[in-house]
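[1] With the sequence up front, the predicted model follows.
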Amino acid sequence: MERKMRVMDKIEISRRHLLATSAATVAVVGVAGGQGAAQTAGETMKHVSRVSLKVNGQVHDLDIDNRTSLLDALREHLHLTGTKKGCDHGQCGACTVIVDGRRINSCLSLAVMHDGEEVTTIEGLGQPGNLHPMQAAFVKHDGFQCGYCTPGQICSSVAVLEEIKANIPSYVTSNLTEKATMTEAEIRERMSGNICRCGAYSNIVEAIVEAAGRKS
Ligand code: FES
Ligand code: FES
C-alpha cells in the first residue's frame with residue numbers, strides 16, 4: 001500500500017510538472033506567435049519592391065507588392081486591359097504575353113520576377129489602322145467570336161511563328177517556305193495552351209497559316 005502511495009505521488013508530481021511545462025510552452029508559443037503577428041503587420045511595407053518593366057517599348061518603374069502577378073501589374077497598375085484574365089490559374093492562356101521573346105502566362109508569373117525585362121502585350125503588337133499581320137489575319141479569317149481569348153491567342157501565335165522559325169534548320173528554310181514546313185497539327189499542338197470557349201479553332205489555325213505565309 002505504501003509503495004502504491006509513493007508511485008501515485010510520483011505520478012502526481014509528473015502530472016503537475018507536465019502541466020507546468022505545457023503552460024510554459026503555450027505561453028512561449030503565444031508570445032512568439034504574437035511577435036510573429038506584430039512583425040508581419042509591421043513588415044507590410046517591406047513587401048513592396050521597385051520593379052522596372054519595359055512594356056511595349058515604354059519603361060515603367062512601379063512600386064509593387066511582391067505578390068502582384070505580371071497580369072495584375074499590366075491590367076491594374078498600367079491599365080493595359082487588352083491582356084485578359086480568364087482562369088488566373090495557368091489553364092486558359094487568355095493572359096498570354098511575350099516576355100523577352102518568349103510567350104508566358106502572365107497570371108502565373110510575379111511582376112518582380114521580370115525586373116528589367118521587355119514585355120509585349122496585344123496593345124504593343126498593333127493598333128487599329130496599323131495592325132500586326134497576325135491581327136489582320138485573325139480579322140480576315142474570323143479567328144474570334146466573343147474575343148475574350150483573342151489577345152492571348154494572337155500573342156501566342158506571334159511567338160509560335162518565332163519558335164517554329166528557331167527550330168527549322170537554315171538549309172530547310174532556304175528551300176521551303178515557312179508555311180510549307182509548318183503543319184496544321186503542329187500549330188494546333190503549339191497553340192493547345194490557349195483555350196477558346198467559342199471554339200474558333202479552325203479559323204485561328206487558318207489565320208496563323210496565312211500570317212506565316214506572309215512572313216516567308
Ligand atoms: Fe492566365 Fe488563364 S488567366 S492562364
Ligand atoms: Fe470567345 Fe475565344 S473567341 S473564347
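    Great, that's in hand. Just so it is clear, the structure is predicted and the values come from calculations on it, not from any experiment. Residues are numbered from 1 along each chain as shown. Ligands and ions are numbered 1, 2, ... in the order given.
[2] So, low pLDDT: which residues of this structure?
    1-45, 168-181, 214-216 (pLDDT under 70).
[3] all helices of it, in order?
    Applying DSSP state H to the chain gives helices spanning 2-42, 70-72, 122-125, 133-140, 150-167, 170-173, 178-181, 184-190, 201-215.
[4] Would you mind listing the outside residues contacting the last one?
    What it means is helix 201-215. Contacts to helix 201-215, defined as CB atoms under 8 Å, 6 or more residues apart in numbering, come from residues 133-134, 136-138, 140-144, 153, 157, 160-161, 164, 177-179, 182, 184, 187-188, 191, 196. Using the backbone N, CA and C atoms, a C-beta is placed for each residue, glycine as well.
[5] 7 Å instead?
    133-134, 137-138, 140-143, 153, 157, 160-161, 177-179, 182, 184, 187-188, 191, 196 (CB atoms under 7 Å, 6 or more residues apart in numbering).
[6] So which residues on the protein come close to ligand 1?
    Neighbours of ligand 1 within the chain, by CB under 6 Å from any ligand atom: 85-88, 90-95, 105, 107.
[7] is it possible to export the residues you listed to a markdown table including distance to Ala207 and neighbour count?
    Putting the residues of the chain next to ligand 1 into a markdown table (distance: CB to CB, whole Å; neighbours: other CB atoms under 10 Å) gives the following:
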| residue | distance to Ala207 | neighbour count |
| --- | --- | --- |
| Lys85 | 23 | 18 |
| Gly86 | 20 | 20 |
| Cys87 | 23 | 13 |
| Asp88 | 26 | 15 |
| Gly90 | 24 | 15 |
| Gln91 | 23 | 13 |
| Cys92 | 19 | 22 |
| Gly93 | 16 | 23 |
| Ala94 | 17 | 25 |
| Cys95 | 20 | 28 |
| Asn105 | 21 | 25 |
| Cys107 | 24 | 23 |
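[8] Of these, which is the nearest to Cys149?
    Ala94 (5.3 Å; CB to CB).
[9] List the contacts of the residue nearest to that closest one when sequence neighbours are not counted.
    Using CB to CB, 6 or more residues apart in numbering and skipping the chain neighbours, the partner closest in space to Ala94 is Gly86 (3.4 Å). Residues in contact with Gly86 (CB under 7 Å, 6+ apart) are 92, 94-95.
[10] Adding distance to Arg67, write these out as JSON lines.
    Below are the contacts of Gly86 laid out as JSON lines (distance: CB to CB, whole Å):
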{"residue": "Cys92", "distance to Arg67": "21"}
{"residue": "Ala94", "distance to Arg67": "21"}
{"residue": "Cys95", "distance to Arg67": "16"}
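[11] Next, the residue nearest to Ala94: phi, psi?
    Backbone torsions for Gly86, taken as degrees, to the nearest 10, come to phi -100, psi -80.
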